[in-house]
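Participant: need coordinates for the below:
(one chain, ligands or ions: 1)
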Amino acid sequence: MNNTPDVAVWQAFDHASESYDRVTLLQRESADFLFKLMQASGEFLPAHSQQWLDVGCGTGAIAKKIAAQQQQVFALDQSPAMLAHVIGLDGVTPVQGDIRQLPFADQAIDRMASHFALHCLGPLIVSELCRVVKSGGVLWLAVPVQGSFASVHTRYPDLPLFDFLPAEEWTSTAAAQSVEVVSVTEKCWSQPFNHLQDLLHTLKLMGGNRIGRAQTPVSMSQFRAWLRDVEPITLEYQVLYMQLRVL
Ligand SMILES: C[S@@+](CC[C@H](N)C(=O)[O-])C[C@H]1O[C@@H](n2cnc3c(N)ncnc32)[C@H](O)[C@@H]1O
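Facilitator: Have a look, this model is predicted:
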């Protein structure tokens with residue numbers, strides 16, 4: 001795994017910290033879904049306090065929900081502007097740090113959550129996540145995977161957007177760790193946009209405009225032509241939800 005701080009990733013989120021909550025409708029729906037999965041598995045019953053770690057917490061979508069269940073949550077993010085949103089919240093302790101080198105001792109944490117934060121890091125990150133969770137502890141990981149941006153890829157195949165990995169790469173890498181894969185669920189979230197320019201602008205406001213690899217170089221005139229397209233277009237996020245128990 002590359003441990004060089006990927007400044008471009010968290011800086012994009014730093015710049016998007018003010019607009020993030022306003023434009024991330026799909027992420028909110030997905031965070032609600034992840035939280036319902038946790039509740040349905042009896043995660044907060046009985047309601048004794050556990051030490052949670054939310055990695056890539058952003059503005060705290062998941063950390064806030066968990067803390068509201070009388071749990072203690074470390075909310076970790078590399079972006080100071082994102083972390084500012086969780087400062088002062090009851091039960092939430094902000095931690096600035098890198099997911100790739102978590103500033104926690106081995107087996108320090110009872111429970112972990114991560115929502116929409118691991119896709120830029122790749123599935124090998126699961127080993128570092130498991131390192132800090134106690135034996136018998138549970139990780140809830142929600143990762144956007146291949147199938148995301150499907151409509152954009154179909155209509156504009158050469159537009160270099162982020163390349164999401166297949167869900168299978170995440171599940172097989174997770175299964176190769178010292179964990180029991182307790183449950184795996186996939187769900188697609190979609191939102192209509194007036195046209196491509198509108199969609200790309202929203203991606204930028206949510207900090208998610210990091211581009212992928214162009215198969216063929218894209219000329220500026222081609223890019224301008226795409227931006228003039230006024231046909232409605234849908235944004236999809238295909239999301240993998242994994243519940244892992246450390247052995
Ligand atoms: C798409 S946001 C998701 C935020 C939140 N979990 C949510 O569901 O709304 C991804 C977050 O991960 C953080 N992040 C990305 N790479 C990181 C890294 N290597 N270490 C720590 N935080 C990172 C970004 O700064 C950003 O706040």
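Participant: assign the closest residue to residue 81 other than its chain neighbours to helix, strand or coil.
Facilitator: Nearest residue to residue 81, sequence neighbours excluded (Cβ to Cβ, 6 or more residues apart in numbering): residue 17, at 3.7 Å. Where C-beta positions appear, they are placed from N, C-alpha and C, glycine not excepted. Assigned with DSSP: H, G, I helix; E, B strand; the rest coil, residue 17 falls in the coil class.
Participant: mind listing what residue 17 touches?
Facilitator: By Cβ atoms under 8 Å, 6 or more residues apart in numbering, the contact set of residue 17 is 59, 79, 81-82, 84-85, 207.
Participant: which residues of this structure lie near the ligand?
Facilitator: Taking Cβ under 6 Å from any ligand atom, the part of the chain that reaches the ligand is made up of 9-10, 13, 27, 31, 56-58, 61-62, 77-79, 82, 98-100, 115-117, 120.
Participant: could you rerun that using 5 Å?
Facilitator: Residues of the chain lying close to the ligand (Cβ under 5 Å from any ligand atom) are 9-10, 13, 27, 56, 58, 61, 77-79, 82, 98-99, 115-117.
Participant: in this structure, which spans are helices?
Facilitator: 7-15, 20-23, 25-40, 61-67, 80-83, 125-131, 150-155, 167-175, 196-205, 220-227 (DSSP state H).
Participant: can I get those in a markdown table with distance to residue 233?
Facilitator: Shown next, in a markdown table, are those (distance: least, Cβ to Cβ, whole Å):
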| stretch | distance to residue 233 |
| --- | --- |
| helix 7-15 | 22 |
| helix 20-23 | 16 |
| helix 25-40 | 14 |
| helix 61-67 | 25 |
| helix 80-83 | 28 |
| helix 125-131 | 31 |
| helix 150-155 | 6 |
| helix 167-175 | 23 |
| helix 196-205 | 5 |
| helix 220-227 | 10 |
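Participant: which of those has the lowest mean pLDDT?
Facilitator: When the helices of the chain are compared by mean pLDDT, helix 7-15 comes last with a mean of 79.
Participant: which strands or helices does that helix pack on?
Facilitator: helix 80-83 (3 or more Cβ pairs under 8 Å, 6 or more residues apart in numbering; DSSP states H and E).
Participant: what sits up against the helix it packs on?
Facilitator: Outside helix 80-83, the residues that reach it (Cβ under 8 Å, 6+ apart) are 10, 13-15, 17-18, 20, 57-59, 75, 77, 94-96.
Participant: only the buried residues of it, if you could.
Facilitator: 81-83 (16 or more other Cβ atoms under 10 Å).
Participant: about what we covered before: weed out the non-buried ones from the contacts of helix 80-83.
Facilitator: Buried, going by 16+ other Cβ under 10 Å: 10, 13-14, 17, 20, 57-59, 75, 77, 94-95, out of those.
Participant: farthest pair in these?
Facilitator: 20 and 95 (18.8 Å; Cβ to Cβ).
Participant: report the outermost residue of this structure with respect to its centre.
Facilitator: residue 221 (33.1 Å; Cα atoms, centre = their mean).
Participant: for the chain, which residue gets nearest to the ligand?
Facilitator: residue 58 (2.3 Å; Cβ to the nearest ligand atom).
Participant: what's the closest non-adjacent residue to that residue?
Facilitator: That would be residue 82: by Cβ to Cβ, 6+ apart, it lies 4.9 Å from residue 58.
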